[in-house]
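Peer 1: this one's structure only:
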């Protein structure tokens with residue numbers, strides 16, 4: 001039986017221009033973990049609820065591919081405790097709203113884990129979450145991240161980086177690697193390997 005204490009809310013925060021893989025990678029991994037949890041060697045008492053949340057008032061987001069998605073809700077309307085906040089990458093040219101950055105900064109002090117996918121590292125950095133931390137982003141953007149945020153130690157060769165409860169990942173498909181690592185933390189290595197095999201991914 002699922003109880004409130006066993007539910008872990010996974011929030012994928014989406015900005016206009018986010019890539020579809022940034023959005024879908026964690027959704028697929030966490031939902032597959034729930035679909036196949038009965039195959040675990042050990043009983044699993046965790047239940048993931050995955051939410052795709054808009055970083056603006058409008059729930060409709062135009063992705064980089066030109067395919068619109070309808071998010072579950074806006075970040076302003078979240079009423080449940082977030083366990084893991086995952087910030088999808090988005091174009092940096094137009095900047096990010098200060099109120100969204102402030103909300104991310106506040107969440108960083110509350111959530112168990114806060115993560116970024118690909119260029120989402122720039123959003124975390126702009127919100128002050130990566131100050132004096134190690135991080136990574138897409139290999140083409142690592143130098144830009146290091147120059148613009150000199151108080152962030154950028155690891156240009158990593159697939160993903162964990163620094164405390166803050167996680168950043170490299171290019172687009174690295175979202176699968178990071179999501180698998182998060183599942184491994186919660187449910188064990190063997191279970192994560194099984195999910196990787198089901199998804200035909202390398203762990």
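Peer 2: Arrived safely. A quick note: this is a predicted structure, and the numbers were derived from the prediction, not measured.

Peer 1: what about the residue positioned nearest the centre of the chain, which SS state?
Peer 2: Nearest to the mean C-alpha position of the chain, by C-alpha atoms, centre = their mean, lies residue 86 at 2.3 Å. Recorded secondary structure, residue 86: strand (DSSP: H, G, I helix; E, B strand; the rest coil).

Peer 1: Against residue 134, how distant is residue 20?
Peer 2: 28 Å (C-beta to C-beta, to the nearest Å). Using the backbone N, CA and C atoms, a C-beta is placed for each residue, glycine as well.

Peer 1: Could you list the residues in contact with the helix ranked longest in the chain?
Peer 2: Looking across the chain with DSSP state H, the single longest helix is helix 20-35. Here helix 20-35 makes contact (C-beta atoms under 8 Å, 6 or more residues apart in numbering) with 10, 12, 14, 47-48, 50, 52, 63-65, 67, 69, 86, 88-89, 117-118, 120, 172-173, 175-176, 178-180, 182-183, 187, 191, 195, 198-199.

Peer 1: how long is stretch 59-71 end to end?
Peer 2: One end of stretch 59-71 sits 5 Å from the other (C-alpha to C-alpha, to the nearest Å).

Peer 1: Distance from that stretch to the middle of the chain?
Peer 2: 17 Å (C-alpha atoms, centre = their mean, to the nearest Å).

Peer 1: Quick check: mean pLDDT of that stretch?
Peer 2: For stretch 59-71, the mean per-residue pLDDT is 95.

Peer 1: now stretch 7-21
Peer 2: Here the average pLDDT along stretch 7-21 is 96.

Peer 1: from the middle of its chain, how far away would it be?
Peer 2: That offset, for stretch 7-21, works out to 7 Å (C-alpha atoms, centre = their mean).

Peer 1: Flag the shaky bits of the chain, pLDDT-wise.
Peer 2: 1-5, 203 (pLDDT under 70).

Peer 1: Do you have the helices of it handy? List them.
Peer 2: Using DSSP H, helices in the chain cover 20-35, 98-108, 120-126, 142-148, 174-187, 189-198.

Peer 1: can you count the residues close to the closest residue to residue 37 other than its chain neighbours?
Peer 2: Using C-beta to C-beta, 6 or more residues apart in numbering and skipping residues adjacent in sequence, the residue nearest residue 37 is residue 44, 4.4 Å away. The number of residues packed near residue 44 is 19, by other C-beta atoms under 10 Å.
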